[in-house]
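Student: Quick check, what structure comes out for this input:
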Amino acid sequence: MNSATALKNACDKRVSSCRECSLLPAGACSSPGSETSTGERPQATLTGTSPAIRDVLALVRQVAVHDSTVLLTGESGTGKEVAARTIHELSPRRARPFVAVNCGAIPAELLESELFGHEKGSFTGAITARKGRFEIAEGGTLLLDEIGDMSPSMQVKLLRVLQERVFERVGNHVPVRCNVRIIAATHRDLEAAIGAGTFREDLFHRLNVFPIEMPALRNRIDDLPMLVRELCSRNVAAGRGRVPISAATLEVLSRQSWTGNVRELANLIERLSIVCAGRAVEVADLPAKYRPADVEARVAIAIHAAAAATTPEETAMLAETGVLRLLESPTLSDTTTSETHESAVAARASWTPEARRDGEPADAPLPLPEAGLDLREHLLAIERRLIEQALERTHGIVAHAARLLNLRRTTLVEKLRKLGIATGIDAADFATKD
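Tutor: From the prediction side, this is the model:
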């Protein structure tokens, strides 16, 4: 069963909410600036459960069964072509070609030939007759991507085709009738372009029959975990490594502005699948532009992720160890001045866990000293105390202590070495036991 057939069957059922929120079109590239679907290679999906993407999915389903012209708008990277492919795959034209043409990637003097075709000898270099994209897409769907970048002269010619469904090849005056479904897409504000005189108002109204605005990723950030899972799966299918994304890393990614939208996220996941193949992606693995710039942000991210991913009993310990992993990032030292460090050291020298405010209960949170403190060293001290308590409770049995701390035994062994905690057991001995 090919991907298009699988998609049709899944969409016809429409029972599972997961199916309703992830539609899979199919297609494959044929040449730069122009693509024709073959049903051989799966493409990205319209994935998500946020209200913004659910609204888009509802509009896509409604218009797919009709031949109405669709205008897809939205920022670059929001998935306009994915939406166009989905409309095609859900339409009665699904068995016919889906052809995409990037009107901004083809020089204006060649776009007419690309769209309508040409006859042999019609211009220099035309050594054979060639079909245009309208003919290739006959019976199917033609996506005119970046329609806002089309030259004024080509806008006039396209308007005639949309009105009469007739075109002429370059070098031939015989009219050719066409039967294609038109979908146009642009990241530009066409109404503003009309005001500026760079886009024809009559062409805009021909295209704007059924407008769909694709939401920016920052406006559907709740979909990020689902998008990350799908992108990771796509990279595995492409032969790259599987890379689980840690909860702390997802929290960091959810705080990004994502000016490149889903395309930017896809590029990042592809990079991570190469450099972090076979292991979980932590915050320190992210490129510098995605990592938190200050200690407070790192701490908040780690504690939030741990609280969301663990039971209440484990939250405190995992939050602290999560913070430690974040603080071990090499970029931390870049954001800490020597003056701050010296004042924190001085404050720490006179501060103990017993230094609470008068009248506070014993289990109240410890107050932050006026001069601040060295958070990393304080957390290391907390980690040391918890490990020592676990070892004491388990009579020095490292495996049992690791279980109490929800750590792998080898991880705890490494922490014991790092913190210089003696257990009375030969280190080489526990390295062989798991």
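Student: quick one: E146 and G104 touch, right?
Tutor: Yes: contact criterion CB atoms under 8 Å: E146 and G104 qualify, at 3.6 Å. In this view, the C-beta of every residue, glycine as well, is placed from N, C-alpha and C.
Student: Between the two, which has more neighbouring residues?
Tutor: Neighbours were counted for E146 and for G104 using other CB atoms under 10 Å; E146 has more, 20 against 16.
Student: who touches the more buried one in this structure?
Tutor: E146 makes contact with 102-105, 185-187, according to CB atoms under 8 Å, 6 or more residues apart in numbering.
Student: 7 Å - rerun?
Tutor: 102-104, 185-186 (CB atoms under 7 Å, 6 or more residues apart in numbering).
Student: can I get the CA coordinates of stretch 277-294 in CSV?
Tutor: Output in CSV follows, covering the C-alpha atoms of stretch 277-294 (Å, rounded to 0.1, in the frame of the first residue of the first chain):
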residue,chain,number,x,y,z
ALA,A,277,22.9,10.2,17.1
GLY,A,278,22.0,7.4,19.5
ARG,A,279,21.7,9.5,22.7
ALA,A,280,19.3,11.9,24.4
VAL,A,281,19.6,15.6,23.5
GLU,A,282,20.3,17.8,26.5
VAL,A,283,20.3,21.6,26.7
ALA,A,284,24.1,21.8,26.4
ASP,A,285,23.8,20.0,23.0
LEU,A,286,21.8,22.8,21.4
PRO,A,287,23.5,25.5,19.3
ALA,A,288,24.4,28.6,21.3
LYS,A,289,21.5,30.7,19.9
TYR,A,290,19.0,28.3,21.5
ARG,A,291,20.6,27.9,24.9
PRO,A,292,19.4,30.0,27.8
ALA,A,293,21.6,33.1,28.4
ASP,A,294,21.4,33.3,32.2
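Student: buried residues in that stretch?
Tutor: 281-286, 291-292 (16 or more other CB atoms under 10 Å).
Student: Reformat those into CSV and put secondary structure next to each item.
Tutor: As requested, these are exported to CSV (DSSP: H, G, I helix; E, B strand; the rest coil):
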residue, secondary structure
V281, strand
E282, coil
V283, helix
A284, helix
D285, helix
L286, coil
R291, coil
P292, coil
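Student: a markdown table please, covering those residues and showing distance to G132.
Tutor: Below are those laid out as a markdown table (distance: CB to CB, whole Å):
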| residue | distance to G132 |
| --- | --- |
| V281 | 45 |
| E282 | 51 |
| V283 | 50 |
| A284 | 52 |
| D285 | 47 |
| L286 | 45 |
| R291 | 48 |
| P292 | 51 |
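Student: Quickly name whichever of the residues you listed is closest to N267.
Tutor: L286 (12.8 Å; CB to CB).
Student: Next one: that closest one from W258, what distance?
Tutor: L286 sits 13 Å away from W258, going by CB to CB, to the nearest Å.
Student: now for the lengthiest helix in the chain, which elements pack on it?
Tutor: The longest helix of the chain (DSSP state H) is helix 375-393. Using 3 or more CB pairs under 7 Å, 6 or more residues apart in numbering; DSSP states H and E, the elements in contact with helix 375-393 are helix 312-327, helix 398-404, helix 409-419.
Student: which of those has the lowest average pLDDT?
Tutor: The weakest mean pLDDT among the helices and strands packed on helix 375-393 belongs to helix 312-327, with a mean of 48.
Student: show me where the stretch 201-350 of the chain has strands.
Tutor: For the stretch 201-350 of the chain, the strands defined by DSSP state E, counting those that start in this stretch cover 210-213.
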